[in-house]
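Novice: Test case, fold it:
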Amino acid sequence: MAAHKIDGKAFAADVRGQIAEHVQRLKDDHGITPGLAVVLVGEDPASEVYVAAKHKQTVEVGMASFEHKLPADVSEAELFALIDQLNADPAVHGILCQFPVPDHLDER
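Specialist: Reported below is the predicted structural model:
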């Protein structure tokens, strides 16, 4: 069996194109702009890069992007309050709480 080389960048671009089409249909057919909220606690450099990439890709496909950066010493109650607020927001359709979180917060 011969090896088949996959172009990951081209594949990802194709997937993003398909998502953009679905997003546009939601807008056209239902007046809905999907929204993704990302919560970043603390200043983990790798997480900051990942969150920035998610923001860029979300906007590129026509979705709304909401970024929430919280200090590393945020309490669990404050974090949950933000998540409750985002859950109640009709513009938010998905929430990504970026891991890792500081040790005093339970990832579960």
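Novice: Show me what the strand or helix carrying residue 18 is packed up against.
Specialist: Assigned by DSSP states H and E, residue 18 belongs to helix 8-30. Contacts defined by 3 or more Cβ pairs under 8 Å, 6 or more residues apart in numbering; DSSP states H and E place helix 8-30 against helix 45-60. All C-beta spots, glycine's among them, are computed from the backbone N, C-alpha and C.
Novice: Would you mind putting the CA coordinates of the helix it packs on into CSV?
Specialist: Included here for helix 45-60 are C-alpha records, laid out as CSV according to Å, rounded to 0.1, in the frame of the first residue of the first chain:
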residue,chain,number,x,y,z
PRO,A,45,1.4,31.5,27.2
ALA,A,46,0.4,28.4,25.2
SER,A,47,-3.3,29.0,26.2
GLU,A,48,-3.1,32.6,25.1
VAL,A,49,-1.8,31.5,21.6
TYR,A,50,-4.5,28.9,21.4
VAL,A,51,-7.3,31.4,22.4
ALA,A,52,-6.0,34.0,19.9
ALA,A,53,-6.1,31.4,17.1
LYS,A,54,-9.7,30.3,18.1
HIS,A,55,-10.8,34.0,18.0
LYS,A,56,-9.3,34.5,14.6
GLN,A,57,-10.8,31.3,13.2
THR,A,58,-14.2,32.0,14.7
VAL,A,59,-14.3,35.5,13.1
GLU,A,60,-13.0,34.2,9.8
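Novice: Report the buried residues of the helix or strand following it.
Specialist: Remark: after helix 45-60, the chain's next helix or strand is strand 64-70, criterion DSSP H and E. Along strand 64-70, these residues count as buried under the neighbour rule (16 or more other Cβ atoms under 10 Å): 65, 66, 68, 70.
Novice: Identify the neighbouring strands of strand 64-70 in the sheet and state each direction.
Specialist: Strand 64-70 pairs in its sheet with strand 35-41 (parallel), by DSSP bridges.
Novice: from the chain's centre, how far out does the strand it pairs with sit?
Specialist: 6 Å (Cα atoms, centre = their mean, to the nearest Å).
Novice: And the contacts of the helix holding residue 18?
Specialist: Helix 8-30 is contacted from outside by 32, 33, 34, 57, 60, 61, 62, 63, using Cβ atoms under 8 Å, 6 or more residues apart in numbering.
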